[in-house]
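>>> predicted model and sequence below, questions to follow.
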Amino acid sequence: MAAADLPHSSQGLVQVEGHTDRPEAGSFHAWLVRADEELQPVDLESIAELVRADENFVWIDLSEFAVDDLESVAGPLSIDRRALHAAVSPWQRPQVDVYRDHFFVAATVARIDPEHDRVLASELDLVIGPNYLLSIHNRPLPFVEDIKGRASQNPELVRLDSAYMLYIVLDELLEHYEGMVETLEDRIEALEERALRNDSDTFLEDIIHLKRLVFALGRIVDQHAEVFATFLRPDFAVISGDEVVSNFRDLENRFHRLLDRCDGLREAVRGAFDIYVSHVSHRTNHVMKVLTVVSTMLLPAAIILSFFGTSFEGLPLYSETAFWVMVGSIALVIILALLMFRRWGWL
């Protein structure tokens, strides 16, 4: 995926990995999975022989890899060069490519950078073949330990083979996104409480920034729709068997629920903005009400003062008694007006 695949409003808010993120040397880990046994670390030289036996399953994980690391793993597994090219290429959209006896899945792992409050998006490439799954990523996976735990505790993995391991990885990926959505839901809830007390320009900037953040994350999640739909296509024979197909159908349903929650985030941000606008309008109405009351109080005073300030010869308006009559009239009119406003519920 290139930066052009992101919405214009997300430019600068989403940091995607590139060639500069790739180190000179990475880390290689491989585990052998057998029924009713703990995960066993294996070395590179033994992988090709292990995956030939159906009673074995091998998960290979390349983290922060260099090109030479990928070449050394791909050779013994006879991975198609096109899959290797896709793995080392710049950012790409989530996709699925099928080759002779294996297939390639590209997914996106997003994280929220709390220091700069932006989305860090990295690519997770998966090569799935007979009795093995190869995971390739420049940045460490936040859920790799969860995958290991599920692989070691699931006796069905070897019987259901690499398709089931793919299901585990994608299921953990969705759980990772669900955790991010929950974090944003908590932020929006706190923002709604602030909206009732804060009407500053800084708060408005926070709402707009969070709206862009939510929109960018939702766009990244939505780009996986084609990947999850591909696994359930009738012509995609790699995923077969009622049990495995059922798992991937549950996976797609979970993905669509995640999309609904992302849509709910957008609506919640709009709701927080509406609360902010209502609060500002209420405050403005209160100020206008005060100004209207003051203007109403000054109006009769101005009329009375203008009357007493008019010169009419022979009228007794310039005596001490007349002065106090004027003051009393002003006070009486103001008091009567305030009483009427209070009775009508205006105050």
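Looks like it arrived, so ask away.
>>> burial check on S78, number of neighbours?
Other residues near S78 come to 12 when the count uses other CB atoms under 10 Å. All C-beta atoms are positioned from the backbone trio N, CA, C, and that covers glycine.
>>> what of E267?
Other residues lying near E267 total 11 when counted by other CB under 10 Å.
>>> ok, now how distant is it from H209?
Separation of E267 from H209 (CB to CB, to the nearest Å): 17 Å.
>>> all helices of the stretch 1-150 of the chain, in order?
47-50, 67-77, 81-88, 144-153 (DSSP state H, counting those that start in this stretch).
>>> show me what contacts the nearest residue to R139 once chain neighbours are set aside?
Nearest residue to R139 in three dimensions, chain neighbours excluded: S122, at 4.2 Å (CB to CB, 6 or more residues apart in numbering). Each residue near S122 by CB atoms under 8 Å, 6 or more residues apart in numbering is listed here: 16-17, 21, 108-111, 137-139.
>>> check I220 too.
6, 14, 108, 110, 119, 121.
>>> closest to G328 out of those?
G328 has its nearest neighbour among the contacts of I220 in V119, at 69.8 Å by CB to CB.
>>> residues near the nearest residue to the closest one once chain neighbours are set aside, how many?
Counting by CB to CB, 6+ apart, V119 lies nearest to V14, which is 4.6 Å off, once chain neighbours are set aside. V14 has 20 neighbours, counted by other CB under 10 Å.
>>> likewise L50?
19.
>>> what does L338 give?
15.
>>> so the residue most central in space within the chain, which of the three states?
When CA atoms, centre = their mean is applied to the chain, the residue found nearest the centroid is L217 (3.9 Å). What DSSP: H, G, I helix; E, B strand; the rest coil gives for L217 is helix.
>>> and it, how far is that from L338?
Note on L217: its distance to L338, by CB to CB, is 54 Å.
>>> cool, A216 as well?
As judged by CB to CB, A216 and L338 stand 54 Å apart.
>>> repeat for F255
Separation of F255 from L338 (CB to CB): 63 Å.
>>> who's in contact with the residue nearest to V119?
By CB under 8 Å, 6+ apart, the contact set of V14 is 6, 118-121, 216, 220.
>>> just checking, what packs against the worst-scoring helix or strand of the chain on mean pLDDT?
Scoring the helices and strands of the chain by mean pLDDT, DSSP states H and E places helix 320-343 at the bottom, with a mean of 77. Applying 3 or more CB pairs under 8 Å, 6 or more residues apart in numbering; DSSP states H and E, we find helix 320-343 packed against helix 242-308.
>>> now the contacts of V14: which count as buried?
The neighbour-count test (16 or more other CB atoms under 10 Å) marks 6, 118-119, 121, 216, 220 as buried among those.
>>> now, which of these sits nearest F273?
Nearest to F273 out of those is A216 (CB to CB; 17.1 Å).
>>> okay, now the unreliable bits of this structure?
1-12, 18-26, 36, 154-160, 199, 240-241, 304-319, 341, 344-347 (pLDDT under 70).
>>> what domains does the record give for it?
With domains defined by automatic domain parsing, the chain comprises 3-278, 284-343.
>>> residues contacting the residue nearest to L134 when sequence neighbours are not counted?
Closest residue to L134 apart from its sequence neighbours, by CB to CB, 6+ apart: V127 at 4.1 Å. Taking CB under 8 Å, 6+ apart, we find V127 in contact with 74, 77, 79, 83, 87, 102-105, 133-134, 136.
>>> swap in 10 Å and give it another go.
Shown in contact with V127 (CB atoms under 10 Å, 6 or more residues apart in numbering): 60, 70, 73-74, 77, 79-80, 83-84, 86-87, 97, 99, 102-105, 133-136, 162.
>>> are any of those buried, and which?
Buried members of the contacts of V127, counted by 16+ other CB under 10 Å: 60, 70, 73-74, 77, 79-80, 83-84, 86-87, 102-105, 133-136, 162.
>>> and stretch 190-209, which residues are buried?
Buried, per 16+ other CB under 10 Å, within stretch 190-209: 191-192, 194-195, 199, 203-204, 206-207.
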